[in-house]
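Undergrad: No letters, just coordinates:
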Ligand SMILES: [Zn+2]
């Protein structure tokens with residue numbers, strides 16, 4: 001299995017003759033996502049929820065810029081991964097703050113083990129691996145606070161969140177494995193399939209957190 005280096009291996013042929021933007025289709029979808037998150041940032045009150053959306057916006061903005069210009073090396077990838085940590089920690093912080101209780105030792109140990117695995121995968125440059133570990137941290141928090149969340153939000157949103165996360169991971173595996181084959185058949189910006197599925201995930205964050213917002 002060939003390694004995947006973000007943003008160079010994302011499945012949209014970069015720097016076509018007609019565009020100054022490296023990957024204009026991926027750039028446009030992510031710009032839309034960034035705007036959606038910015039809307040949430042200005043339409044929530046709780047400072048912890050605002051912080052989360054602020055960091056998620058920063059994450060998505062740098063992701064967007066990475067499709068605008070490709071900087072050689074791992075700098076773009078590493079910055080985005082670092083911000084993904086901040087996004088994750090701030091998501092955990094929302095629930096510690098809202099429930100006003102310290103999480104159990106058990107959940108903290110599982111959380112820490114996933115982070116250790118994530119660091120190992122990052123060190124080994126296994127993009128798919130650390131993409132999944134980051135999403136697992138969010139899933140873990142949603143599971144741990146499932147009863148609390150579903151007191152305020154319909155559990156269908158949480159189930160939909162889980163289903164979409166799995167779909168995004170499967171689509172990403174498809175992109176990584178079949179990009180070249182798909183491009184050989186027809187030159188299309190296939191990376192936007194994953195990005196477009198990310199949009200309902202961002203919207204679900206907004207739906208869930210807006211109902212928890214005080
Ligand atoms: Zn992307």
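TA: That came through, no problem. Keep in mind it's a predicted model, so treat the numbers as computed, not measured.

Undergrad: Thought residue 191 was touching residue 175, still the case?
TA: Yes: the pair residue 175 and residue 191 qualifies as a contact (C-beta atoms under 8 Å) at a distance of 6.4 Å. All C-beta atoms are positioned from the backbone trio N, CA, C, and that covers glycine.

Undergrad: Neighbour count for those two, which is higher?
TA: Neighbours were counted for residue 175 and for residue 191 using other C-beta atoms under 10 Å; residue 191 has more, 24 against 20.

Undergrad: thought residue 22 was touching residue 71?
TA: No: counting by C-beta under 8 Å, residue 22 does not reach residue 71; the two are 10.0 Å apart.

Undergrad: and for residue 175 and residue 191, which residues touch both?
TA: Common contacts of residue 175 and residue 191 (C-beta atoms under 8 Å, 6 or more residues apart in numbering): 10, 11.

Undergrad: Can you tell me how far residue 123 is from residue 63?
TA: From residue 123 across to residue 63, the span is 22 Å (C-beta to C-beta, to the nearest Å).

Undergrad: Quick check on those two: which one has the bigger neighbour count.
TA: Taking other C-beta under 10 Å, residue 123 and residue 63 do not tie; residue 63 has more neighbours (23 against 9).

Undergrad: Return the per-residue confidence for that one.
TA: pLDDT, residue 63: 95.

Undergrad: and it, what does it touch?
TA: So residue 63 contacts 30, 80 (C-beta under 8 Å, 6+ apart).

Undergrad: Show me which residues of the helix or strand hosting it are buried.
TA: Using DSSP states H and E, residue 63 sits within helix 47-68. By neighbour count on 16 or more other C-beta atoms under 10 Å, the buried set for helix 47-68 is 48-68.

Undergrad: for stretch 17-26, same thing?
TA: Here stretch 17-26 shows 21, 22, 23, 24, 25, 26 as buried, counting by 16+ other C-beta under 10 Å.

Undergrad: same thing with stretch 173-185?
TA: 175, 176, 179, 182.

Undergrad: do stretch 143-152 as well
TA: 144, 145, 149, 150.

Undergrad: tally of neighbours for the closest residue to the last one other than its chain neighbours?
TA: Right, residue 150. Ranked by C-beta to C-beta, 6 or more residues apart in numbering and with sequence neighbours excluded, the top spatial neighbour of residue 150 is residue 158, at 6.5 Å. Residue 158 has 19 neighbouring residues, counting by other C-beta under 10 Å.

Undergrad: my read: residue 158 touches residue 142, true?
TA: Yes: Residue 158 is within contact range of residue 142, at 5.9 Å (criterion: C-beta under 8 Å).

Undergrad: The longest helix along the chain: what's the following helix or strand?
TA: For the chain, the longest helix by residue count, based on DSSP state H, is helix 155-185. Using DSSP H and E, the helix or strand that follows helix 155-185 towards the C-terminus is helix 191-212.
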